[in-house]
Each structure stands twice: as structure tokens, then as C-alpha cells.
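J.: based on what follows, work out the 3D shape:
(chains A and B)
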There are 2 protein chains.
Amino acid sequence: MSSSTTSQQERYTLHYWPQIPGRGEFVRLCFELTKHQYIDSTDIPRFQALLLSSVPASGQPTHFAPPILEVASSESKEPFYISQTPAILNFLAPRLGLLGDAHALSGLDREVAQSQILQLCLVALDLNNEVHDTHHPIAVAKYYEEQKDEALKKAQDVRDSRIPKFFKFFQLNLMAQSAGSGGRLYGSKTTVADLVVFQVVDGLKFAFPTYMKGLEASSKFDAVFQLHADISKELSDYLGSSRRRPYSDGVFRYYPELDGPAPKNLA
Amino acid sequence: MSSSTTSQQERYTLHYWPQIPGRGEFVRLCFELTKHQYIDSTDIPRFQALLLSSVPASGQPTHFAPPILEVASSESKEPFYISQTPAILNFLAPRLGLLGDAHALSGLDREVAQSQILQLCLVALDLNNEVHDTHHPIAVAKYYEEQKDEALKKAQDVRDSRIPKFFKFFQLNLMAQSAGSGGRLYGSKTTVADLVVFQVVDGLKFAFPTYMKGLEASSKFDAVFQLHADISKELSDYLGSSRRRPYSDGVFRYYPELDGPAPKNLA
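T.: Predicted coordinates for the structure are as follows:
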């Protein structure tokens, strides 16, 4: 599904760590949901060259971290490279038909709608970052075992305060858009923001199974769990394929000691 | 300075905490550098209503955190609201002439350029977030004093590993664009990415004065410090005005115990 003619002439390659879903998964889901062709590169030397090289072709910016999206086009001799997950999602969403009802808008209305969909993505990606920090609260380059005491404290705060705050935000927006049934975060159709929230909820179920069961049983966030179920269905072909990487030691990790019961007094 | 005709009809209001520069400052700098009119709202009840209200007018998304940009236009009856700093910057940059050389581009070239400028903003905003976590590594809602032991560890890692890694990235991009003199992060003109890096470097000078003096003395990041000096000049009217809020207890805080010498072996 393509919403603009230019995207027909563009070819996309995703460069990311090969073994984990990680932040690459947010980009992958855009292609998989829309069944848009893409290359999921497994060329590690090329990936490392992109990540470490001083400057890619044509004076383009270097990359601080993956995922990196490569865009080849018949319009230009050399490919373009974009990194930073929110920038990639914001670039791809209009091309892949992932702006939902906003595709029908134009002018300022459309620009605001795309900005607000990016806003929703950014909130969910902030939660993704906070979940990462539950196992790496002190130093990203050190082992979990070296910061386990701090991780226990951080994970408790994220479980007790942060995840409920984010889920309340998602629930509120889903209920407002749709009166709570079959709803999406922005309007009535699936947008890139729904994909990001799906992936974060999905990863949380892996990382904090006991906690998430408690959260679901509370019935406070039914629309969020319903969204996860709805998007799972939309993605069922992909999720059942070998292209979906298992969670392991990426952003979402299962350490039983970081899991725990859901708080009793959910706002 | 306005790059599109629509922006002439748009009126912008920034809603943010009144006492600190914080993340609102990134938005404020866009208006101040381009001398574009805006309202820097000090209407706290209205701010709180926006932040806490279930849903603003017309089914727009709610706001997880400020800054919030209000956009009023003669085209639409009700104002629009956009939050999340990167979404706001990406919305404003083309309107305020803050895409530098990319304003001369069109089609895919322009869209990629804008995405890459957003990419550079996001890297700098990631550093901003990591600096915030030096004084709040465990729980954002608790006092610094309750997480001081962890803050000491986190700050050491950010000083020894993270800031040098980010500065190396900025230095590399500045050198590549401009052979190191009077350069900007994207092309030869000031973009929103330069403003974000300026503000983060400026805040770091306040939060870690000893460390930053050491970093500057190392001469490893001359282009980054030159960029800070250049943008300071461009912003001199504003920086000398009472509109520039002093740093206090926002993202950038001065706790002498979190400051320290720059590492001796900078890559």
C-alpha cells in the first residue's frame, strides 16, 4: 500500500542488529503491516561500516545508533540514509499509508495531524526507553549484573509509576477517539502510532509477565490491551513467520527479579 | 523569517513551566533566533488544564508532558496543539526557515533532508535526556536527594563515556560539513539542529563547569565549542534579555558532586 507516487520508485533497506527485534522492530512493523517490500539487511560488515564510518556519501549526517533506513530512488544516484527511529517512522508513515484518517487531509490540517501522530509515537518510544533503563539504569555499556541493585529500584519505579502513567495516557486517547471499541490512537484507522504502542505492550508482556497480567486483570487499560490484540491480528502473518525475531537481550529482557505484581491502587 | 505563506497566517503560543528553560527552551530558541513573533504563555491555569485535560478540542491527542505548542490559524476555527519537543521542532523548522540549505531542495531530496535534520535534533535531545537522568537515574517523581548514590554513578558514566561519545558525533558532522570553520551541522546555514546542540552544550556548561572546561581544553571538540560560540552570537539579543530564563532545577542543574574532571583519554 502506497499513498504517494514517489514511494513507488523508492526501495527501502533496514540496517539493524540481526539477532534482536529492538528499535529496528518499529520500522519493520511498518513494512510488514502494509506488506510493502523491503530488504531486511543481514550484511553485518556493511551495517558496521555505516555505523562507524565517518560520513556516508554526499555529506549526509553520520549515525549515532541504529536502526538506519537506506532509501534508494531512481531520482538520485546515491542512496540516502536516515537514522533515529522517530525520524524514520515520520518519513515512512505518509509513504506507506500509515497516517490513517490523516491521509484524507491537506494543508495545515494534514501537517498538524502528521505531527500529532509523531507526538503519539514519541510518547510510546519514551516508554520504550524507560523500559530499557530498567536493566541499564547507570551505564549502557556495562553489564546488567554490574548495575543490578540500581536496576531493581529503577524497575520498581517503572512498574509502580511510569507504566501506569503511560498506559493511562494511551487508554485516555483510545477511549476519546473511539468510545473504546476497536479504536485506534488517531482516528479510526491504524497508524504508525498504533504499531509503536503494540510493540511496546508486546515487549512489556515478555519482560514483565506477572506485572502485565495484573495490569490486564485490573480492567483499567482495556482499550490498550484491545489495541494490542487487534494489531496482533492485523500482523498475524508476520508474527507467525520466522521474520519475527524472538525477544532475548535487547530492549525487552526477562529478568524474573525485575518483574513483580501490578500496583493495587491504579489511578 | 518565514518560508511558507501559510505560516504568515499562523499564530504560535508556547505553553511550558514558567520558571525553567527546560525542554521549552528548544522551541523558544526557534522563535528567538528567527525573530518570529510568538506568545510565551505565563497562564498557568490554562497550561495545567491543557496538561491534565482528558482531550483538547476536536478529538486531538492529549499531552503526556510539555512543551505544548498551540497553533492558531485563520484556516481553522479551533487551535491545534502539538507536544513532544521533536514533533514541535519538526513542525516549526520549515515554517521558520530553520532547515538551512534544505529550503532550496524539493521532492525526495527535501524530505530526506528534513528527516536528517530531525535525526540530528533527536541525537542531541537524547543527550539532553541522559543529562536529566544524571540527577534522576531511578525515579523522576522523587527528589534528587533520594537517589543521590545512584546519581553519582550515573553522572560519572555520562561524563566519562556518554558526553564524549555524543560530542565526537557532533564534531565529526561539523568537520565533514565545513572543514571545521564556521560550520553548521547540516550544510552551511543554521538549522534547528544547531539550536538544539547549542542549548545542550550551554546547559552542560552550567551543570558540569569543571568537566566542560576540561573538554574544551582538550581541543578534541573545537568545532562543537565553536558552534556554541557562533550560535551564542546569533542569539545575543535574546540571551541578554530577561526572556532567557536562568538554569535552576530543570534538566540542567548544578550539583558540585556530580561535576568532575574530563577523562584523560578522549577518543
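
J.: and the closest residue to residue A:111 other than its chain neighbours, what does it touch?
T.: Counting by C-beta to C-beta, 6 or more residues apart in numbering or on different chains, residue B:91 is the residue found nearest to residue A:111 once chain neighbours are left out, at 6.7 Å. Where you see a C-beta, it was placed from the backbone N, CA and C, and this is true even at glycine. Going by C-beta atoms under 8 Å, 6 or more residues apart in numbering or on different chains, residue B:91 touches A:111, A:112, A:115, B:69, B:71, B:82.

J.: let's verify residue B:91: helix, strand, or coil?
T.: For residue B:91, the assignment made with DSSP: H, G, I helix; E, B strand; the rest coil gives helix.

J.: what's the spacing between it and residue A:230?
T.: For residue B:91, the distance to residue A:230 (C-beta to C-beta, to the nearest Å) stands at 29 Å.

J.: burial count for residue A:245?
T.: Using other C-beta atoms under 10 Å in any protein chain shown, residue A:245 has 18 neighbouring residues.

J.: can you name the residues of the stretch 151-267 of chain A that neighbour chain B?
T.: Counting by C-beta under 8 Å from any C-beta of the partner chain, the stretch 151-267 of chain A comes close to chain B at A:153-154, A:157, A:161-162, A:166, A:169, A:172-173, A:176-177, A:185-186.

J.: one step back: quick check, nearest of the contacts of residue B:91 to residue B:143?
T.: residue B:69 (30.0 Å; C-beta to C-beta).

J.: helices or strands up against the helix or strand harbouring that closest one?
T.: If you go by DSSP states H and E, residue B:69 is part of strand B:68-73. The helices and strands touching strand B:68-73, judged by 3 or more C-beta pairs under 8 Å, 6 or more residues apart in numbering or on different chains; DSSP states H and E, are helix A:107-135, strand B:10-15, helix B:44-52, strand B:80-83, helix B:85-96.

J.: buried residues, that strand. List them.
T.: By neighbour count on 16 or more other C-beta atoms under 10 Å in any protein chain shown, the buried set for strand B:68-73 is B:68, B:69, B:70, B:71, B:72, B:73.

J.: just stretch A:148-158 next, same as before
T.: Buried-residue list, stretch A:148-158, by 16+ other C-beta under 10 Å: A:150, A:151, A:152, A:153, A:154, A:155, A:156, A:157, A:158.

J.: re earlier: for the helices and strands packed on strand B:68-73, which one sits closest to residue B:263?
T.: helix A:107-135 (22.7 Å).

J.: immediately after that closest one, which helix or strand?
T.: helix A:148-157.

J.: ok, then the element right after that next one?
T.: helix A:163-178.

J.: next, the angle helix A:148-157 makes with that following helix.
T.: Angle, helix A:163-178 to helix A:148-157, by axes from the mean of the first three to the mean of the last three C-alpha atoms, to 10 degrees: 30 degrees.

J.: average pLDDT across helix A:163-178?
T.: Averaged over helix A:163-178, pLDDT sits at 90.

J.: can you name the two of the buried residues of strand B:68-73 that sit furthest apart?
T.: Going by C-beta to C-beta, the two entries of the buried residues of strand B:68-73 that are most distant from one another are B:68 and B:73, at 16.3 Å.

J.: hang on, the earlier thing: quick one: buried ones out of the residues of the stretch 151-267 of chain A next to chain B?
T.: For these, buried by 16+ other C-beta under 10 Å: A:153, A:154, A:157, A:162, A:166, A:169, A:172, A:173, A:176, A:177, A:185, A:186.

J.: same list (those residues) but as CSV, adding distance to residue A:61.
T.: Listed next are those as CSV, based on distance: C-beta to C-beta, whole Å:
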residue, distance to residue A:61
A:153, 36
A:154, 32
A:157, 35
A:162, 31
A:166, 30
A:169, 31
A:172, 36
A:173, 33
A:176, 37
A:177, 35
A:185, 30
A:186, 29
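
J.: hmm, back to that, which one of the contacts of residue B:91 sits closest to residue A:48?
T.: Closest to residue A:48, out of all of those and judged by C-beta to C-beta, is residue A:115, at 34.1 Å.

J.: check what pLDDT the closest one gets.
T.: Confidence score, pLDDT, at residue A:115: 98.

J.: wait, it sits on residue B:81?
T.: No. Using C-beta atoms under 8 Å, residue A:115 makes no contact with residue B:81, being 9.9 Å away.

J.: just the buried residues of strand B:68-73 now: which is nearest residue A:265?
T.: Residue A:265 lies nearest to residue B:68 out of the buried residues of strand B:68-73, by C-beta to C-beta, at 28.3 Å.

J.: for the stretch 151-267 of chain A, which spans come out with low pLDDT?
T.: A:178-182, A:267 (pLDDT under 70).

J.: rerun that using 80 as the cut-off
T.: Along the stretch 151-267 of chain A, the model assigns pLDDT under 80 to residues A:177-182, A:267.

J.: that one: helices as residue ranges?
T.: Along the stretch 151-267 of chain A, counting by DSSP state H, counting those that start in this stretch, helices occupy A:163-178, A:192-207, A:209-217, A:222-234, A:236-239.

J.: residue B:259 is nearest to which of those?
T.: helix A:163-178 (31.1 Å).

J.: quickly note the distance from residue A:104 to residue B:234.
T.: Plainly put, residue A:104 is 40 Å away from residue B:234 if you go by C-beta to C-beta.

J.: return the residues in contact with the residue lying closest to residue A:239 once chain neighbours are set aside.
T.: Excluding its sequence neighbours, the residue lying closest to residue A:239 (C-beta to C-beta, 6+ apart) is residue A:232, at 6.4 Å. Residue A:232 makes contacts with A:198, A:202, A:239, as judged by C-beta under 8 Å, 6+ apart.

J.: state whether the second one and residue A:225 are indeed in contact, as I suppose.
T.: No. Because the distance of 10.9 Å does not satisfy C-beta under 8 Å, residue A:202 is recorded as not touching residue A:225.

J.: tell me which of those two has more neighbours.
T.: residue A:202 (21 against 18).

J.: got a pLDDT number for the residue nearest to residue A:15 when sequence neighbours are not counted?
T.: Using C-beta to C-beta, 6+ apart and skipping the chain neighbours, the partner closest in space to residue A:15 is residue A:68 (4.3 Å). The model reports residue A:68 with a pLDDT of 97.

J.: for residue A:68, which residues make a bridge with it?
T.: Beta-bridge partners of residue A:68, counted by DSSP bridges, are residue A:15, residue A:83.

J.: shouldn't it be in contact with residue A:82?
T.: Yes. When contacts are counted by C-beta under 8 Å, residue A:68 is listed as touching residue A:82 (7.2 Å).

J.: which neighbours do these two have in common?
T.: In contact with both residue A:68 and residue A:82: no residue, using C-beta under 8 Å, 6+ apart.

J.: between residue A:104 and residue B:234, which one's more packed in?
T.: residue B:234 (17 against 12).

J.: quick revisit: switch the contacts of residue B:91 over to CSV; also include distance to residue B:246.
T.: Shown next, in CSV, are these (distance: C-beta to C-beta, whole Å):
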residue, distance to residue B:246
A:111, 34
A:112, 33
A:115, 30
B:69, 23
B:71, 28
B:82, 27
